[in-house]
Each structure stands twice: as structure tokens, then as C-alpha cells.
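[1] Got a predicted structure plus its sequence, pasted below:
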Amino acid sequence: MAKKDKGDKKNKQSRKKDSQPDAQADGAPDLATAVTQAARALRTRLSHSLAGCGLYAGQDGVVLALSESDGLTPGALAQKLGVKPPTMTRTIGRMEAQGFVERRADAGDARLTKVWLSEAGRASLAMIATATTECDALATRGMSGKDVRNLVKLLSMLDRNLHGGAPDA
């Protein structure tokens, strides 16, 4: 039986590395892929938890934004949540049909329409908090409090960098 050449083994390992699309040439994971996959998994898990109270993906953000500042215009909501106004208009329409929000004319300027939380919307706040807490606990299982704080700090820095903000000193 012939001995295998050590070079064959190295060639196989290098071919294996090359076939991994989500790794950089130096073997480090691709940041964009890792962050995207983690964000997608987190959002999917949270969406499944929120489905029990009748909320769809992204609607929790609308409820939370209105709980902080009720009576926002659709444009202000869109800007606050980082979505386009037509997307927010469709979301508001769906949430109004579900009973989570109400649209009303502004008291000072009847040309303006503002969005308000309904009683069902307010009631969903506790369910959103529970779903978020459970999702966070699952996502950070095995991490120390310091690990979680560092992760949040690093993700915040990444977000600022991508939005063109100045890095902290």
C-alpha cells in the first residue's frame, strides 16, 4: 500500500477552505454574513413569539414607537423605524384592521392624520416585552453579562459606522 503524500492532505484542506463562501481568505468568518444570519435568526424567533398575540414582523416596532410617543404621523413613524413611507402606510393599514392602532385627524391641523395606539395595541406591550425578553435570553444563552454588554456595544459601533457616524474616542 502506498503512503499518502502530506501535500495531498494540505491540498484537500485548502480546497475545503476555498469552498466555504462565508469565510474570508484568512479563515475568519465574514462579518456581513455572520451579522445577517444572526439578525435573521433573532428576528425570525421573535416573529414566531409575537405571532401568538397577532403581531407580524415589524409591527412590534410600531407599537413600541407609539408607546414612547403616541400620535405620530405615518411619515414620522417611517423615519423613526427606518422604513419607507409607503411601507409604513401599508403596515398602519394592516394594524388598523387588526385593531392595534387608530388613525385620527390632528386636532390642530385636520389635514394631518396621526396614528394612535388602541387598547389592543397597549395590551400587546406586555406580550412584546415578554417575547423580547425570552428571545434575548435564548440568543445570549451561555454568555456572561459582560459578554452581552460588549456585544451590544460592538453592534452599536458597527451600526454607527455604517450610518457614517464618527467613531468614539
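    Yep, that arrived. Numbers count the residues shown, from 1 in each chain.
[2] Quick one: low-confidence residue ranges for the chain.
    By pLDDT under 70, the weakly predicted segments of the chain are 1-29, 165-169.
[3] please redo it, this time with the cut-off set to 50
    12, 14-20, 169 (pLDDT under 50).
[4] which residue ranges form the helices in it?
    Along the chain, counting by DSSP state H, helices occupy 6-18, 31-51, 59-68, 74-81, 85-98, 119-139, 145-162.
[5] helices or strands next to the shortest one in the packing?
    Using 3 or more CB pairs under 8 Å, 6 or more residues apart in numbering; DSSP states H and E as the contact test, the elements touching helix 74-81 are helix 59-68, helix 85-98, strand 113-117. C-beta coordinates here come from the backbone N, C-alpha and C atoms, glycine included.
[6] what about 7 Å?
    Applying 3 or more CB pairs under 7 Å, 6 or more residues apart in numbering; DSSP states H and E, we find helix 74-81 packed against helix 59-68, helix 85-98.
[7] which parts of the last one are buried?
    By neighbour count, and taking 16 or more other CB atoms under 10 Å as the criterion, the buried residues in helix 85-98 are 88, 91-92, 95, 98.
[8] tell me what it is packed against?
    helix 59-68, helix 74-81, strand 101-105.
[9] Can you pull out the residues in contact with that helix?
    54, 58-59, 62, 74-75, 77-78, 101-103, 115 (CB atoms under 7 Å, 6 or more residues apart in numbering).
[10] what angle do that helix and strand 113-117 make?
    Helix 85-98 runs at 50 degrees relative to strand 113-117, counting by axes from the mean of the first three to the mean of the last three CA atoms, to 10 degrees.
[11] Helix 85-98 vs strand 101-105, what angle?
    Using the same axes, to 10 degrees: helix 85-98 against strand 101-105 is 110 degrees.
[12] ranking the helices of the chain by burial, who's on top?
    Ranked by mean neighbour count, the helices of the chain are led by helix 59-68 with a mean of 19 (mean count of other CB atoms under 10 Å).
[13] starting at the chain centroid, how far to that helix?
    Mean-position distance between helix 59-68 and its chain equals 14 Å (CA atoms, centre = their mean, to the nearest Å).
[14] and of the helices and strands packed on helix 85-98, who's closest to Leu125?
    Leu125 sits nearest to helix 59-68 of all the helices and strands packed on helix 85-98, at 5.7 Å, using CB to CB.
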